[in-house]
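K.L.:
Could you look at this predicted model? Sequence included:
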Amino acid sequence: MSKIRILYLTSEIDPFLELSKIATLTKKLPQEMQERGMEIRILMPRFGTINERKNRLHEVVRLSGINITVGDEEKPLIIKVASIPSAKLQVYFLDNEDYFQRKTVFTDKQGAFYDDNDERAIFFCKGALETVKKLGWAPDIVHCTDWMTALVPLYLKTTYKNDPIFKNTKSVFTVYNNVFEHKFTEDMIPKAKMLDISDENLANLRSRDFAGFIKIGCEYADVVVKANENLSTDISNIVNEIAEKKIDAQIEDENIAETFFQLYTDLAE
């Protein structure tokens with residue numbers, strides 16, 4: 001039997017960037033799954049707070065040459081890679097000068113949420129799938145972590161559904177309590193579009209806010225995971241109302257790796 005292949009998409013991972021408990025979990029799960037015989041790839045944005053020299057990031061030249069469309073613009077995608085020191089795991093970093101060269105992550109130095117965080121998320125979601133295509137590595141499962149990855153399940157069920165790399169891929173979407181109050185501009189919806197995506201496909205994103213991202217992820221993912229005990233009532237209700245299949249897997253649960261191992265195994269069958 002061939003190894004189950006899992007692609008992790010996250011906005012943070014220990015030790016490169018820690019904004020919340022997500023960073024610990026996104027290191028623990030890939031490490032545990034690899035030890036259990038699964039094949040792992042991890043992708044995240046190369047936020048400007050990540051020190052390239054200290055973390056020994058270097059560009060993967062063979063993956064260069066990809067341009068990602070965001071609205072009317074094409075943005076060049078640069079891929080870098082580094083190893084997690086305490087694990088035999090590599091992390092691929094998706095970089096772009098316009099989106100990820102800042103010295104803060106989601107807010108400016110005054111604490112204001114970046115107006116183009118929607119574009120940054122769209123770029124990352126589209127870029128992640130194009131990177132995997134260029135790798136020629138067909139994942140059985142794409143595990144999407146938090147709001148910034150929420151469009152990937154939609155893209156897998158539409159634009160990429162007949163792509164040889166993704167035709168058998170299932171998606172898991174984990175919901176956390178990283179709520180933001182910002183509302184994006186109306187041009188966010190056309191920017192999120194790709195081939196074979198209609199306005200109806202994007203209906204749950206029309207609120208152009210945190211809840212919209214969670215709704216679209218819940219609508220298209222094969223399994224939705226509620227990962228916080230303190231998940232807000234509004235977000236918990238969204239998951240309960242929209243997700244066809246959902247589970248609870250608390251970050252603090254010492255058996256969380258076993259929960260996901262069973263989930264991945266069942267999905268890959």
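P.N.:
Sure thing, it's come through. Numbers count the residues shown, from 1 in each chain.

K.L.:
What's the first helix or strand after the lowest-mean-pLDDT helix or strand in the chain?
P.N.:
Ranked by mean pLDDT, DSSP states H and E, the helix or strand of the chain with the weakest confidence is strand 246-248, at a mean of 87. Per DSSP states H and E, strand 246-248 leads on to helix 256-268 as the next helix or strand towards the C-terminus.

K.L.:
would you put the C-alpha positions of that next one in PDB?
P.N.:
This file holds the C-alpha atoms of helix 256-268, laid out as PDB (Å, rounded to 0.1, in the frame of the first residue of the first chain):
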ATOM      1  CA  ILE A 256      -5.300  14.900  18.900                       C
ATOM      2  CA  ALA A 257      -2.700  13.200  16.700                       C
ATOM      3  CA  GLU A 258      -4.600   9.900  16.900                       C
ATOM      4  CA  THR A 259      -7.900  11.700  16.100                       C
ATOM      5  CA  PHE A 260      -6.300  13.100  12.900                       C
ATOM      6  CA  PHE A 261      -4.500   9.900  12.000                       C
ATOM      7  CA  GLN A 262      -7.900   8.100  11.900                       C
ATOM      8  CA  LEU A 263      -9.500  11.000  10.000                       C
ATOM      9  CA  TYR A 264      -6.800  11.000   7.400                       C
ATOM     10  CA  THR A 265      -6.900   7.200   7.100                       C
ATOM     11  CA  ASP A 266     -10.700   7.200   6.600                       C
ATOM     12  CA  LEU A 267     -10.600  10.000   4.100                       C
ATOM     13  CA  ALA A 268      -7.900   8.400   2.000                       C
END
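
K.L.:
And that helix, what does it pack against?
P.N.:
Contact partners of helix 256-268 among helices and strands, from 3 or more Cβ pairs under 8 Å, 6 or more residues apart in numbering; DSSP states H and E: helix 22-35, strand 141-145, strand 170-175, strand 223-226. To be clear about C-beta, it is placed using only N, CA and C from the backbone, and glycine gets the same treatment.
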